[in-house]
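Asks: build me a structure from this.
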Amino acid sequence: MSKGKTWQDKARRVVRAYPRLHAELQDLQRMSVTPRLSGMPGGGEAGRATEDAALRQLPPDEQTAHDAVEHALRMLRLHRTAAKRRRLVELVYWRATHTIYGAGVELGVSEETAQRWNADFLLCVQSYLSARW
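Replies: Here you go, the predicted structure:
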């Protein structure tokens, strides 16, 4: 396969994009807490601003990517080592300050364990994606 086309590479790209996608989704769903000061009438019809804000989503592919990482993070919570596994993902993908080996050293686990945790997380992301895409 050509570079960047394996399922692992796709899953890595999705995981790296998660912080941006999560921030964009939160911005979409954020409600204004200040009144409009334009002086123009509000329309007079009944509105459901809270429900409308909660239902706003990213474009379909981006929403699926976001949801895949959310799903994998929920699955992480089932492990006894959940905090360390999440920290590995944070160091390697979101902060991009460590290699998998370096994150393993920081977390006090072997390189093999860090590699396995990484592979488990990427597989969980990919399994969600392949079920949706």
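Asks: pull stretch 57-65 out as CSV, backbone CA atoms only.
Replies: Taking C-alpha atoms only, stretch 57-65 is exported to CSV below (Å, rounded to 0.1, in the frame of the first residue of the first chain):
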residue,chain,number,x,y,z
GLN,A,57,-23.3,19.1,14.4
LEU,A,58,-20.2,19.2,12.3
PRO,A,59,-20.3,18.1,8.7
PRO,A,60,-21.1,14.4,8.5
ASP,A,61,-17.6,13.1,7.9
GLU,A,62,-16.1,15.3,10.6
GLN,A,63,-18.9,14.4,13.0
THR,A,64,-18.2,10.7,12.4
ALA,A,65,-14.5,11.2,13.0
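Asks: mind listing what's buried in it?
Replies: Within stretch 57-65, the residues that qualify as buried are 58, 62, 64, 65, counting by 16 or more other Cβ atoms under 10 Å. C-beta: built from backbone N, CA, C; applies to glycine.
Asks: what number of residues lie near residue 22?
Replies: Using other Cβ atoms under 10 Å, residue 22 has 15 other residues around it.
Asks: pLDDT score for the residue nearest to it when sequence neighbours are not counted?
Replies: Nearest residue to residue 22, sequence neighbours excluded (Cβ to Cβ, 6 or more residues apart in numbering): residue 66, at 6.4 Å. Residue 66 is assigned a pLDDT of 96 by the prediction.
Asks: next up, the contacts around residue 66.
Replies: Applying Cβ atoms under 8 Å, 6 or more residues apart in numbering, we find residue 66 in contact with 18, 21, 22, 25, 58.
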